[in-house]
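Novice: Model the structure of this input:
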Amino acid sequence: MEKQIAPLEGLQKELADSQHKHTEAEEVLRQAKQTVEHLEAALGDYEGERQRLETRCNELRTAIEKIRMECQGNEVRRQTLEEQLAETEFSHIALLGDLPEYADEESWQAQIEAVERKLERVGSVNMAALEEFEEQNERKQYLDSQADDLNEALKSLDNAIKTIDRETRARFKETIDKVNGFLQSMFPRLFGGGEASLQVTGDDLLKAGVAIMARPPGKRNTHIHLLSGGEKALTAIALVFAIFELNPAPFCMLDEVDAPLDDSNVVRFCTLVKAMSERVQFIFISHNKITMEIADQLIGVTMQEAGVSRLVAVDIDTAVDMVKV
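Specialist: You can find the predicted model right below:
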């Protein structure tokens, strides 16, 4: 029976290989997506660190600029006051005497110390911040390039998966249609009428199954599992011959396929085998006399002596000639 369904197993193996390639491509795609996610997470961390350093640099620049402006302002005010004093010929000693009581040296010194503490809190300027920023920026550009390459690889994988799926669906649909056409021709010849067809059970051809619907003469269309044993056997023979027509071979071996058939069905079976034998050599095992009548050569096993088996071969044409003589 394995040799009878070899073409169908070949198609199923080809479909399984395509599904395996599809699964491998999906696994590669999933790993690539995980890699992209990891790179994007690392890129986000570097981007956050860069923004923090940039913010810190801006704060330091602002503080330094503020202090510089204050110093320049004080210097300008000092020069202005000296020029004004020089123009008015007032003595600074006299002016100090006119200052309020709280404007003593200690209060001014306290203010100076407060300013110094502020400067200390600001801290020293990190002159390497710009270099670090450049390094992180180069790192970001490198990661962007890697991410672009991965995105291109993902697109290529997606396209490859779509191409494989499209070709697999097309070839599977083409094969089903051809086998279905041969089955619709073989079934009436074996049953003397009726009809049979293959139906795909599912919308996705890559995951769908195939059901055999048969309607012998005088019965309604039903699933093959609801037929009798002989009807199932004839339907199976029709399917095997239909697949055989799709991918013919030099010979075909049948092992007691006529055992569950009655005489009328055996006659139709033999008629079909006889018609196909013009282009295919049939080797069949049978105990049915009607089936043996269509053979050109008969080979049997006899045991004339106990425990000793002998092969007996008979050429039908030669035997007929001998009888005529």
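Novice: what's the spacing between Asp296 and Thr88?
Specialist: Counting by CB to CB, to the nearest Å, the gap from Asp296 to Thr88 is 143 Å. All C-beta spots, glycine's among them, are computed from the backbone N, C-alpha and C.
Novice: for stretch 45-58, what is the average pLDDT?
Specialist: For stretch 45-58, mean pLDDT is 84.
Novice: Please work out which residues outside it touch it.
Specialist: The contact list for stretch 45-58, computed with CB atoms under 8 Å, 6 or more residues apart in numbering, reads 126, 129-130, 132-133, 136-137, 139-140, 143.
Novice: Buried residues, it. List them.
Specialist: The neighbour-count check on stretch 45-58 (16 or more other CB atoms under 10 Å) flags 50, 53, 57 as buried.
Novice: so which of those comes closest to Glu174?
Specialist: Distances from Glu174 to the buried residues of stretch 45-58, taken as CB to CB, are shortest for Arg50 (56.7 Å).
Novice: Doesn't Phe282 lie inside a helix?
Specialist: No: Phe282 is assigned strand when assessed by DSSP: H, G, I helix; E, B strand; the rest coil, not a helix.
Novice: check contacts around it.
Specialist: For Phe282, the contacting residues are 251-254, 273, 276, by CB under 8 Å, 6+ apart.
Novice: Any chance of a ChimeraX selection covering the buried ones in the residues you listed?
Specialist: In ChimeraX, a selection of the buried entries from the contacts of Phe282 looks like this (16+ other CB under 10 Å):
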select :252,254,273,276
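Novice: Can you name the two of the contacts of Phe282 that sit furthest apart?
Specialist: Longest span within the contacts of Phe282, CB to CB: Met253 and Met276, 13.3 Å.
Novice: before we move on, back to that, tell me the one of the buried residues of stretch 45-58 nearest Phe269?
Specialist: Using CB to CB, those come closest to Phe269 at Arg50, 81.6 Å.
Novice: Quick one: distance of the strand or helix carrying the closest one to the chain centre.
Specialist: Here Arg50 is covered by helix 6-88, with elements defined by DSSP states H and E. Put simply, helix 6-88 sits 33 Å off its chain's centre (CA atoms, centre = their mean, to the nearest Å).
Novice: likewise stretch 309-316?
Specialist: 57 Å.
Novice: pLDDT score for Asp98?
Specialist: With respect to pLDDT, Asp98 has a value of 67.
Novice: I meant to write Ile161 there.
Specialist: On pLDDT, Ile161 comes in at 90.
Novice: Let me know whether it touches Leu29 as I believe.
Specialist: Yes: look at Ile161 against Leu29 with CB atoms under 8 Å: they come within range, at 7.1 Å.
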